[in-house]
Structures are given as structure tokens and as C-alpha cells.
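K.L.:
pasting the sequence and the predicted coordinates here, then a few questions.
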Amino acid sequence: MQIRRLMLACALSCVMAPAMAQDLLVSAAASLTNAFKDLAAQYQAAHPGLQVQTNFGASDVVLQQIIQGAPADVFASADQKAMDKAVEAQAVDPSTRRDFVRNEVVLIVPAGNPAGIRSLEDLHGDKVTRIAFGNPASVPVGRYTQAALEQSGDWQAVQSREILGQNVRQVLSYVERGEVDAGFVFATDAALMQDKVSVVQSVQTPTPVVYPIALVRREGRAPQAQGFLDYVLSDAGQSILAKYGFAKP
């Protein structure tokens, strides 16, 4: 009986261990949702038995989840500040940090442009009462937006009409549904809703919109984490990202 129990325990451990080892957990910025789901599917297809799970949200929020113990193997941020915070918190391995794509901030309006907005200057008009952008305290697109508008002299006018989004996709949704007169999102997000929103103007940001990626520092990190990061940086990975509007850094 003792031998049978030992054999059963060994058999169970041999079945369960590989399954646990073959889970790869990727946490990333909300603006990467569509592209990273595609990347994950392609990478998973090339590695039979591997399960790639994805988690998306505002970069700072996703990072806080990781810091508080949520399992993750790879972290991809929409700006350098969030990744700097990750390094400071020792949540990622800084030696694995790489810039992998470039984006840009755009001013968008609902289809039909009810408020008649043609440029940043029009945001000062009386017809414009609600402008959506990401919360600068936790959302990279909000930080980029604030820095750009402070540089252009439009920040005060926009801030007085602010509707804060908890991530860039929420801002896109506000504009798409016509709940605001205008909003600031990444160009890649606007491209997903070309029939529902219109890009009015590209916004010049003081610092380039460049996304970094790194491996999460934790015990039991998936063996395939480095492979996935390498895939993101590869020609094949970059081709998928380009399909969703991202440029090389």
C-alpha cells in the first residue's frame, strides 16, 4: 500500500509540474491589447503545450498588481516612467529592459465631429465642454498628453474640461460613444475605431512615445519568458506589431 501511494504521488507530480511550468503570464499596457493578444497566439502556436495568458490595464495599475504579488513573467509599459517605477521597486530585471515599439498621441473626436474641432486651438471654444484623457497619475497617455499640452500652452483650457479615463481604452470608449467632445489617445487605439472616431491632429510630445518591456523578477518565472521577449523584438514580432500601427523604436 505504501509503495502504491508513493507511485501515485510521483505520477501526479509528473503530470502537474509540466502544466504549471508551461504557463507564461504577460502583463501589459492597455494600448497593447490587440497586438499582444495576436503575439501571444502566434507564440503559443509555435510552442505546443505552452499557455500564454495576458493581462492588460493602465501601465501603473498593472505594475502595482505585480508589486502586490500578482503573478507575471513579462511586463510591457506604455512609457518609461512606469518601467522606471518597476525598476525602483525591483519588480523587473533591469538587465532585460528593452524598448520595443514607438507610438504617438493624437487628438480625436466622435464621428461627425459635433463640436467642429479642427485643432488644439478649438479646445478653448465655448462649444467644447468635455475632453477625455488618461489620468496622468497612473496612465501613460495622460502623462504624455499633459506634458504636450503644457508645452503648447493648451493644458489649462483642457484641464478645466477634463474627463479622466482609467486607461487609454476607456478614453477611446468615451469618444466613440460621443460622451465627450474630444479625447487624447494613442494613434494605434484610434486606428481600431476609424468608423467611430476621427483623428483631428497628431500631438507633439516633449519625449518620444516609446514602450519598454522587461522580465518580471520573481521565483518560478516561466522558462519561456525570455523567449517571448525575444519574439517581441524579432522581425516576426515586429511585423505583428506593425500590423496594429506600432513603429520600431
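P.N.:
All right, it came through fine.

K.L.:
CA only for contacts and neighbour counts going forward, please
P.N.:
Noted.

K.L.:
show me what the helix or strand hosting V101 is in contact with.
P.N.:
Take DSSP states H and E as the rule and V101 turns out to sit in strand 98-103. Strand 98-103 is contacted by residues 186-188, 208-214, 232-233, 241, 245-249 when judged by CA atoms under 8 Å, 6 or more residues apart in numbering.

K.L.:
what's the answer for stretch 224-237, then?
P.N.:
Outside of stretch 224-237, the residues that reach it under the criterion CA under 8 Å, 6+ apart are Q22, L24, L39, Y43, D73, V74, F100, I213, A214, L215, Q238.

K.L.:
okay, those in a markdown table with pLDDT and secondary structure next?
P.N.:
Output for those, formatted as a markdown table (pLDDT from 0 to 100; DSSP: H, G, I helix; E, B strand; the rest coil):
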| residue | pLDDT | secondary structure |
| --- | --- | --- |
| Q22 | 71 | coil |
| L24 | 98 | strand |
| L39 | 98 | helix |
| Y43 | 98 | helix |
| D73 | 98 | coil |
| V74 | 98 | strand |
| F100 | 98 | strand |
| I213 | 98 | strand |
| A214 | 98 | strand |
| L215 | 98 | strand |
| Q238 | 98 | helix |
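
K.L.:
just put these in JSON lines and tack on distance to V200.
P.N.:
Output for the contacts of stretch 224-237, formatted as JSON lines (distance: CA to CA, whole Å):
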{"residue": "Q22", "distance to V200": "45"}
{"residue": "L24", "distance to V200": "39"}
{"residue": "L39", "distance to V200": "30"}
{"residue": "Y43", "distance to V200": "36"}
{"residue": "D73", "distance to V200": "38"}
{"residue": "V74", "distance to V200": "34"}
{"residue": "F100", "distance to V200": "27"}
{"residue": "I213", "distance to V200": "30"}
{"residue": "A214", "distance to V200": "34"}
{"residue": "L215", "distance to V200": "37"}
{"residue": "Q238", "distance to V200": "27"}
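
K.L.:
from the residues you listed, list just the buried residues.
P.N.:
Q22, L24, L39, Y43, D73, V74, F100, I213, A214, L215, Q238 (16 or more other CA atoms under 10 Å).
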